[in-house]
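Undergrad: Model the structure of this input:
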Amino acid sequence: MRVLRAQMSLFDTYEDVLSIAEDDKSKFIKLLEEHINLDELIPAALRYAFYRRFGRPREYSLESLVRFLLLQKILGVHIDSVFLNILRISQNLKEFCGFDKVPDASKITRFRQDFAGYLEIMFDRLVEVTEPICREMNSKKADYLIYDSTGIEAYVAENNPKFLNGKLLYAKKLAGKNPDINPHALAYSMMPETSATNHLVKQQYINGHFCYAHKVGVLVNGLGIIRDIALFDESFKRRHPEVVTKKTDNPSLDKEIGDSTSLKPVLSDFFAAHPSFSFGTFLGDASFDSYDTYTMLRCDFGFERMAIPLNNRNLSSKHGDFDENGTPVCPIDKTPFTFLGASGGKNRSRRLKWVCHKSEKIPGSSTRRCSCPTPCTASSYGRCVYTYPDKNLRFYPGIPRGTEHWDNLYRHRTLVERNIQLLKDPLGGAVRKSFSLRTAKADLLLAGIVQLIGVVIAHAINKPKLCKSIRKLIA
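TA: Numbering: from 1, shown residues only. Down below sits the predicted model:
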């Protein structure tokens, strides 16, 4: 018995989008019109750059093109020609955008490419607007800053699996004649560093596979709300020439701009754009685990806590009287000591106090007594060790490692990965078939702008739980 499966047609897509706009037009459109003032959000530099190119009035206003791009991201119709056709049969959406007639798709593409840099100013302005909102929603989580990088794969021939398979097939032929040749390593060495279509699209090793992509750094806070989008384009590399690395023979380590390398430049640009911002806690994955990173985060950017797991590749096989988390251990049975708290003041270095795990507090007294049958010290109190975080920020990054407090804090790091996925897929920051770097930048910034607009609307209508999903706000 054959089972017939219904397939989504283009007409079905039209109907879905039109139903959102027409069945509940007041909620869908009035929410945007009542709570979002584009005249305040559109930067003066963008307005000046848009209208100075011609000595006569433009056929389509700046506000109408911005409304079109934002509406496109909100509804999730990421192909320009499809959404333009929807506007042609929906008077409500066309009036909301402010179009007397629907433009050609080429005008939308040119707007993205010509004004991507000005969209960044608009994004930064919304970050400033939403920062006090985030602090009001949850001041503790809004004080977390989480960083990770990703790649936006470009629509180039080198990303076609046939391209790599062709190199691998040729390498295997050579390996058949010479058994000393590793065909996979040879195929990797034969891959070009940049795409033939666009030299700005570089070979990357992202999420365990090769691809030709634009590298992007993303900052979010502990609420999962975007704080910064940094595309590692030519402008970024000119400002920070130290981040560019060479291709190596190890694909698992080969990244054009590594996460740890990009951290300081991204944070420097972020705090330069928002000098009034400050954050107390930084979260990142194990790729940031190095002594220099902890010192830089504490001294250069003022973070009090750095939740970064220790990288096993950076651990010595000999820890002495400390375990892999930096916790003092018993020199006899290697059991971790008990953490008693921190002390120190204005004129004394901050220190953490640890005592033997067999040392117990005497009831009714402020002192302790060790019950170990083979004590390692003559003191009845038991062995006591002090550690100084400022002397070793890697082992003591402002919060004891291996504790429940550490685990509860570090679980927030996944918010940056969820946000990256939200920017890429639902908000369409990485679904367009384009090899243009400027188009990729514009799409990512527009995705971030739409997310922040959702935060503003959620706060205005007192629904903070929906701050990360603008589609639920208009559903």
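
Undergrad: number of nearby residues for residue 110?
TA: Neighbour count of residue 110, defined by other CB atoms under 10 Å: 11. In this view, the C-beta of every residue, glycine as well, is placed from N, C-alpha and C.

Undergrad: What helices and strands are in contact with the helix or strand harbouring it?
TA: In the assignment (DSSP states H and E), residue 110 maps to helix 105-137. Identification of packing neighbours for helix 105-137 by 3 or more CB pairs under 8 Å, 6 or more residues apart in numbering; DSSP states H and E yields helix 38-41, helix 44-51, helix 62-75, helix 80-88, strand 226-231, helix 437-460.

Undergrad: Buried residues, the last one. List them.
TA: Of the residues in helix 437-460, those buried under the neighbour-count criterion (16 or more other CB atoms under 10 Å) are 437-459.

Undergrad: could you give the angle of the helix holding residue 110 to strand 226-231?
TA: Angle, helix 105-137 to strand 226-231, by axes from the mean of the first three to the mean of the last three CA atoms, to 10 degrees: 140 degrees.

Undergrad: Tell me the buried residues in helix 105-137?
TA: Neighbour-count burial for helix 105-137 flags 108-109, 111-112, 115-127, 129-131, 133-134, 137 (criterion: 16+ other CB under 10 Å).

Undergrad: Leaving out the residues flanking it, which one is nearest to residue 148?
TA: Using CB to CB, 6 or more residues apart in numbering and skipping residues adjacent in sequence, the residue nearest residue 148 is residue 416, 4.4 Å away.

Undergrad: My read is that that neighbour contacts residue 149, right?
TA: No: with contacts defined as CB atoms under 8 Å, residue 416 does not count as touching residue 149, sitting 9.5 Å away.

Undergrad: Mutual contacts of the two, please.
TA: Common neighbours of residue 416 and residue 149, counting by CB atoms under 8 Å, 6 or more residues apart in numbering, are residue 218.

Undergrad: is it true that residue 469 touches residue 453?
TA: No: applying CB under 8 Å as the test, residue 469 and residue 453 come out as separate, 11.8 Å apart.

Undergrad: what do the two both touch?
TA: Residues touching both residue 469 and residue 453 by CB under 8 Å, 6+ apart: none at all.

Undergrad: Can you convert the helices and strands packed on helix 105-137 into JSON lines and add a column each for mean pLDDT and distance to residue 190?
TA: As requested, the helices and strands packed on helix 105-137 are exported to JSON lines (pLDDT from 0 to 100; distance: least, CB to CB, whole Å):
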{"stretch": "helix 38-41", "mean pLDDT": "84", "distance to residue 190": "48"}
{"stretch": "helix 44-51", "mean pLDDT": "88", "distance to residue 190": "43"}
{"stretch": "helix 62-75", "mean pLDDT": "89", "distance to residue 190": "39"}
{"stretch": "helix 80-88", "mean pLDDT": "88", "distance to residue 190": "36"}
{"stretch": "strand 226-231", "mean pLDDT": "93", "distance to residue 190": "28"}
{"stretch": "helix 437-460", "mean pLDDT": "89", "distance to residue 190": "25"}
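
Undergrad: Now render those as TSV, adding distance to residue 209.
TA: Output for the helices and strands packed on helix 105-137, formatted as TSV (distance: least, CB to CB, whole Å):
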stretch	distance to residue 209
helix 38-41	38
helix 44-51	37
helix 62-75	27
helix 80-88	29
strand 226-231	21
helix 437-460	19
